[in-house]
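Colleague: return a 3D structure for these sequence lines:
(4 chains)
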There are 2 protein chains.
Amino acid sequence: MNQALRILDIFIKIQEYSDVFQHKQDGLLDEISLTEVHCIDCIGMTDHPNVTKISEQMGLTRAGISKISKRLLSKGLIESYQEPDNNKEIYFRLTESGQSVYDKHKKIHNKASQEWLTFFEHYSDDDQAAILRFFTDLNDLFYSKSADKIEKEK
Amino acid sequence: MNQALRILDIFIKIQEYSDVFQHKQDGLLDEISLTEVHCIDCIGMTDHPNVTKISEQMGLTRAGISKISKRLLSKGLIESYQEPDNNKEIYFRLTESGQSVYDKHKKIHNKASQEWLTFFEHYSDDDQAAILRFFTDLNDLFYSKSADKIEKEK
DNA sequence: ACGTTTTTGTTAACGCGTCAACAAAAACAT
DNA sequence: ATGTTTTTGTTGACGCGTTAACAAAAACGT
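Modeller: As a prediction, the model looks like this:
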């Protein structure tokens, strides 16, 4: 992934978590939590998503995803299915209403991306380069620290 | 507050929340949660801190602070007192062990600030200016959005 | 083929903070 | 002074996600 896009991604996440109201405006988060929307997003994007895969992608525990998926099932936003050759793994797919949530979220997401890019393009090329480098360095710094952490936990 | 310091402050917070391990390394967070440490910090810095004041400063509910203060009391990190002219408000102060946590946290905080400044100073003046402006703009953007939000909630 | 190990999903107990409802004290109004 | 309103702190019910323990299925080793 391009580094500029990576930074964009970070900011979208910040925006999503701090500006929950943006979703609220669209009436998306009235009955569904932000985590549930992210889970729907993950299910919509993943091939044969099961509890384990989703938990890895979302950085939550399997137990957590197990409960979230139960909520989504009871809300009729997803449904589960299995493959004939595997009796253990349980996969999920979006229902029609789940797909609608998915689409709305994607639309909001794209709108935020666009706003962000517009915001960023107001800076000169030199400024953009400086900002990008700063975030890249920062990312590396955090990454190396995380690596340290993992190292120590072993 | 200076804008550079403001940005520093934002990053310290990010660092604190994402790099909990940094506290763990110092054995600070083994028995105390990060929120509890912040509460101790708040009590240590505030004059006559009571549940209401602390909740306002920390952005948590009174109910939350009420419970956190009970935990801190039971851990012997803070103690409560009242003033003779007021039978309603209950204030807190740090015990000796609470003060020790406060000092350790401040030390870690200062260290993080110093690291951050060092990191930042590696950039040229022009780059620093660009980065600062970027964050200032971002801050303004978020602030105006929040203002919109408050407006709509009325 | 069969015993062992790993993977997968679920559940109960827990910790954390919120919300709503409440009682007691304080502040206010007249 | 007295009745009303506001402030303050607490509690119970709740939602959310984690940890730990578990059973069932799959994968592995020989």
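
Colleague: could you pull up the mean pLDDT of stretch A:110-125?
Modeller: Averaged over stretch A:110-125, pLDDT sits at 86.

Colleague: where does chain A have its least confident helix or strand?
Modeller: The weakest-scoring helix or strand in chain A, judged by mean pLDDT, DSSP states H and E, is helix A:20-25 (a mean of 65).

Colleague: and whatever helix or strand comes next after it, does that touch DNA strand D?
Modeller: The helix or strand immediately downstream of helix A:20-25 is helix A:34-45, counting by DSSP states H and E. Yes - contact of helix A:34-45 with DNA strand D (C-beta under 7 Å from any atom of the strand) involves residue A:35. Backbone N, C-alpha and C define where each C-beta goes, glycine included.

Colleague: I figured residue A:40 hits residue A:94, correct?
Modeller: Yes - counting by C-beta atoms under 8 Å, residue A:94 is a contact partner of residue A:40 at 6.6 Å.

Colleague: for chain A, what spans make up the strands?
Modeller: Assigned by DSSP state E, the strands in chain A fall at A:78-81, A:91-94.

Colleague: right, so those: which one is the most enclosed?
Modeller: strand A:91-94 (a mean of 20; mean count of other C-beta atoms under 10 Å in any protein chain shown).

Colleague: and it, what's its mean pLDDT?
Modeller: For strand A:91-94, the per-residue pLDDT averages 98.

Colleague: now do the helices in chain A.
Modeller: A:3-18, A:20-25, A:34-45, A:51-58, A:62-74, A:96-121, A:125-153 (DSSP state H).

Colleague: so of those, which one's packed in deepest?
Modeller: It is helix A:34-45: most buried of the helices of chain A by mean count of other C-beta under 10 Å, with a mean of 19.

Colleague: name the residues that touch that helix?
Modeller: Outside of helix A:34-45, the residues within contact range by C-beta atoms under 8 Å, 6 or more residues apart in numbering or on different chains are A:16-17, A:20, A:23, A:28-29, A:32, A:49, A:54, A:57-58, A:60, A:65, A:68-69, A:71-72, A:77-78, A:92-94, A:98-99, A:101-102, A:105-106.

Colleague: which residue, other than its chain neighbours, is closest to residue A:131?
Modeller: residue B:134 (5.1 Å; C-beta to C-beta, 6 or more residues apart in numbering or on different chains).

Colleague: thought the one you found was touching residue A:128?
Modeller: No - between residue B:134 and residue A:128 there is no contact under C-beta under 8 Å: 9.2 Å.

Colleague: distance of the residue nearest to residue A:77 when sequence neighbours are not counted from chain B?
Modeller: Residue nearest to residue A:77 in three dimensions, not counting chain neighbours: residue A:98, with 3.8 Å by C-beta to C-beta, 6+ apart. Computed as C-beta to the nearest C-beta, to the nearest Å, the residue A:98 to chain B distance reads 28 Å.
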